[in-house]
Every structure is written in C-alpha cells, then in structure tokens.
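K.L.:
this is the structure alone, sequence omitted:
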Ligand code: AMP
Ligand code: MG
C-alpha cells in the first residue's frame with residue numbers, strides 16, 4: 001500500500017510542476033507529503049502562502065505523533081498500553097477527539113465507535129497481516145468494544161480504558177480534526193484561497209480557485225481503478241467535504257470484499273450495501289472537518305435510511321450515499337449539488 005502512496009505522490013509532484021504559478025499579487029504555494037498514512041496536498045494563495053503550508057505540515061506531524069496507534073510516545077499508544085490499569089494524561093486535542101467521538105457514538109446508537117481497536121487489529125486490513133478472523137476470535141474481542149467503557153477525568157485531562165486489552169483507534173476522526181487545524185493556520189496567515197486535501201477523504205475548499213470559480217472536487221467512482229472516472233462533481237467554496245469508501249482499504253477473499261469500516265455491533269466490515277458516502281458541511285463551526293469525517297464513517301455503518309435520518313437532524317450538513325446497486329441516496333438539498341453524474345449511477349430519491 002505504501003508503494004501505491006509513493007506512486008501517487010510522484011504523480012502529484014509532476015502535475016504540480018506544471019500548475020504552480022507565482023504572481024507578486026497572489027503568491028501560490030503547494031506541497032504534497034505523506035502524513036497519517038495518506039497523501040496530503042496543501043495549496044494556498046496569499047502573501048504568506050509558503051509559511052501557512054509549511055506550518056500546517058508541522059502541525060500535521062504533531063497530530064500524527066499524538067494520535068497514532070503505533071508510535072510508542074503517542075497519547076493513544078499510552079492509553080491503549082495502560083488499558084485496565086491506569087489513567088493517562090493527554091493533550092487537549094486528543095481529549096477533544098475522544099469526547100467528540102463519545103458524543104457521536106451515543107447519537108448514532110453506537111455506529112461510530114473509537115474503541116474498535118482490538119477488532120481492527122484482528123482484521124489487519126491494509127497491513128501485511130490482513131486476514132478473515134474466526135467468529136470465535138471476533139466474539140472474544142467484542143466485549144472490549146464500547147465507548148461507555150472509556151473513563152475520563154476532565155480536571156486532570158486524563159483518560160483510562162476500563163478493561164485490559166481495550167484499544168482506541170482515531171482513524172475515523174483524526175484526518176478531519178487535522179484539516180480543521182490546518183484551516184486555523186490558513187486563517188492566521190490570511191489565506192483566502194486554497195485547497196486542503198488530506199488523502200481526498202477530508203477536503204476543505206478555501207475561497208475560490210485561480211479562475212475565481214468554486215473549487216471542483218470529483219467524488220471517486222467506488223469501483224473504478226481510473227482516478228479520473230468520477231461518480232460526480234461537487235463545487236465547493238468555504239465548505240468541508242469528506243468521503244468514506246469500501247475501496248480505500250480492503251482485500252477480497254472467496255469473492256467477498258472485506259474493508260476497513262467495521263460495524264461495532266458485529267465486529268465485521270459493514271455489510272449493508274453501502275459502497276461510499278460523502279458529506280458536505282458549510283457552517284462557521286471550527287469543527288466542521290472533524291464532523292464531516294466522523295459522519296461519513298457513521299453514515300456508512302448506518303446505511304441510507306438511518307443515515308439520512310441522522311443527517312436531517314444536523315444543521316448545515318448534507319450528504320450522498322452510494323449503494324452497490326449503483327443508486328445514490330441524497331439528503332434533501334444535495335441532489336442538485338452533484339453535477340456531471342456518471343451514467344452508471346442514478347439517484348434513488
Ligand atoms: P474513514 O475512512 O473516515 O471512514 O475511517 C475509517 C477508519 O476509522 C478505519 O480505518 C478505522 O481506523 C476507523 N473505524 C473503522 N470502523 C469504525 C467505526 N465504526 N467507528 C469509528 N471508527 C471506525
Ligand atoms: Mg470518516
């Protein structure tokens with residue numbers, strides 16, 4: 001998988017050499033790098049575009065060092081390593097992600113759950129150890145899952161997992177959180193136009209593109225290898241977009257696709273016919289990218305009916321859900337926002 005990421009990065013760098021422009025009025029700076037296991041591309045127009053982008057990459061490294069499950073100095077590693085034993089003091093940013101996750105776990109009746117660590121480990125999807133675990137193995141780990149088993153001491157900013165063997169995984173929220181932090185840095189440097197792109201799964205479109213139009217973002221066709229073959233296009237300005245898909249990390253065994261979005265009730269990859277979903281949020285809330293990220297994962301698990309019911313209750317949030325029969329379900333106002341709809345797909349409502 002790393003090899004694929006490197007190839008994408010080389011391709012992006014080549015494209016950038018041809019697209020970068022630099023006028024004294026509106027300096028353009030763009031950079032791509034692999035952070036949080038994904039290709040991050042940050043672009044910005046403005047007097048301080050370089051400073052904004054470089055500082056953003058530093059911040060992304062910092063977030064990765066706090067949130068990673070593998071780095072033994074990270075807050076999450078320490079929490080997991082102390083499960084069933086002791087509280088661990090954490091950075092306020094990690095606390096924010098954990099508390100938000102618990103809130104949305106309750107709101108989604110447990111569909112979003114950051115305590116899936118032990119089950120995610122069993123499947124090993126996207127690693128060299130990916131495999132289909134036995135029913136017994138999964139059943140043995142399920143009692144370790146549940147946000148109600150996370151204890152928080154607000155005063156000391158510390159966290160403890162109540163049972164030995166529990167483990168947190170912030171994979172469904174950390175990239176969105178990181179995009180919010182990059183946006184804060186862009187604001188500090190007065191960047192009014194630019195694109196924040198974390199692996200295409202968390203995107204924030206700042207202002208307009210160089211032609212003074214909204215940014216056009218292609219939603220990936222969930223079953224096409226051709227990166228230019230889109231499901232449709234969404235035009236964005238000062239909005240957050242997130243996509244979750246069963247094509248991001250998966251393997252196929254005996255004709256069945258096993259992907260990285262796990263149903264916490266069963267311990268198996270969600271199997272409700274959803275192939276991908278996309279969320280757009282336009283509000284002034286400083287958590288919009290984080291919310292978009294966690295909601296795509298949540299709605300993927302909930303499926304079209306329950307997913308759309310949840311989205312209806314959230315202001316300024318709209319979405320589409322694509323199912324394996326090539327139907328696209330949208331929240332009320334979202335159908336009109338998808339242009340250049342791929343002929344293989346049709347709207348379900
Ligand atoms: P995303 O690509 O944003 O949908 O996030 C998927 C990632 O979130 C996975 O790779 C896991 O790290 C984690 N994850 C998987 N299933 C869930 C779930 N039900 N709730 C929260 N996080 C999850
Ligand atoms: Mg997500």
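P.N.:
Perfect, thanks for sending it. Just so it is clear, the structure is predicted and the values come from calculations on it, not from any experiment. Ligands and ions are numbered 1, 2, ... in the order given.
K.L.:
for the residue in the stretch 1-150 of the chain positioned nearest to ligand 2, which residues are in contact?
P.N.:
As assessed by CB to the ion, ligand 2 sits closest to residue 112 within the stretch 1-150 of the chain, at 8.8 Å. Every C-beta, even on glycine, is put in place using the N, C-alpha and C of the backbone. Residues near residue 112 by CB atoms under 8 Å, 6 or more residues apart in numbering: 101, 104, 105, 172, 294, 297, 298, 301.
K.L.:
quick one: pLDDT of the fourth one?
P.N.:
Per-residue confidence (pLDDT) for residue 172: 97.
K.L.:
let me see the contact set for it.
P.N.:
101, 112, 114, 261, 293, 294, 297.
K.L.:
which ones, among those, also lie beside ligand 1?
P.N.:
Filtering those for proximity to ligand 1 (criterion: CB under 6 Å from any ligand atom) leaves 112, 114, 261, 293, 297.
K.L.:
could the contacts of residue 112 go into a markdown table alongside secondary structure and distance to ligand 2?
P.N.:
Shown next, in a markdown table, are the contacts of residue 112 (DSSP: H, G, I helix; E, B strand; the rest coil; distance: CB to the ion, whole Å):
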| residue | secondary structure | distance to ligand 2 |
| --- | --- | --- |
| 101 | helix | 11 |
| 104 | helix | 11 |
| 105 | helix | 14 |
| 172 | coil | 5 |
| 294 | helix | 6 |
| 297 | helix | 4 |
| 298 | helix | 8 |
| 301 | helix | 11 |
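K.L.:
what subset of those is buried?
P.N.:
Buried by 16 or more other CB atoms under 10 Å: 101, 104, 105, 172, 294, 297, 298, 301, out of these.
K.L.:
would TSV of the residues you listed with distance to residue 94 be doable?
P.N.:
Converted to TSV, the buried ones among the contacts of residue 112 look like this (distance: CB to CB, whole Å):
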residue	distance to residue 94
101	11
104	16
105	16
172	15
294	15
297	18
298	20
301	23
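K.L.:
closest to residue 257 among the residues you listed?
P.N.:
Set against residue 257, the nearest of the buried ones among the contacts of residue 112 by CB to CB is residue 301 (15.6 Å).
K.L.:
quick one, what contacts that closest one?
P.N.:
By CB under 8 Å, 6+ apart, the contact set of residue 301 is 108, 111, 112, 261, 263, 264, 270, 272.
K.L.:
how far away is the residue nearest to the first one when sequence neighbours are not counted from ligand 1?
P.N.:
The spatial neighbour of residue 108 that comes closest, neighbours along the chain excluded (CB to CB, 6 or more residues apart in numbering), is residue 298 at 4.7 Å. Residue 298 sits at a distance of 7 Å from ligand 1 (criterion: CB to the nearest ligand atom, to the nearest Å).
K.L.:
do you know how far residue 298 is from residue 106?
P.N.:
Separation of residue 298 from residue 106 (CB to CB, to the nearest Å) stands at 11 Å.
K.L.:
double-check that residue 210 belongs to a strand.
P.N.:
No - counting by DSSP: H, G, I helix; E, B strand; the rest coil, residue 210 falls outside a strand, being coil.
K.L.:
what about it, how many neighbours?
P.N.:
13 (other CB atoms under 10 Å).
K.L.:
go ahead and confirm it touches residue 45.
P.N.:
Yes - Residue 210 lies in contact with residue 45 (CB atoms under 8 Å); the separation is 7.2 Å.
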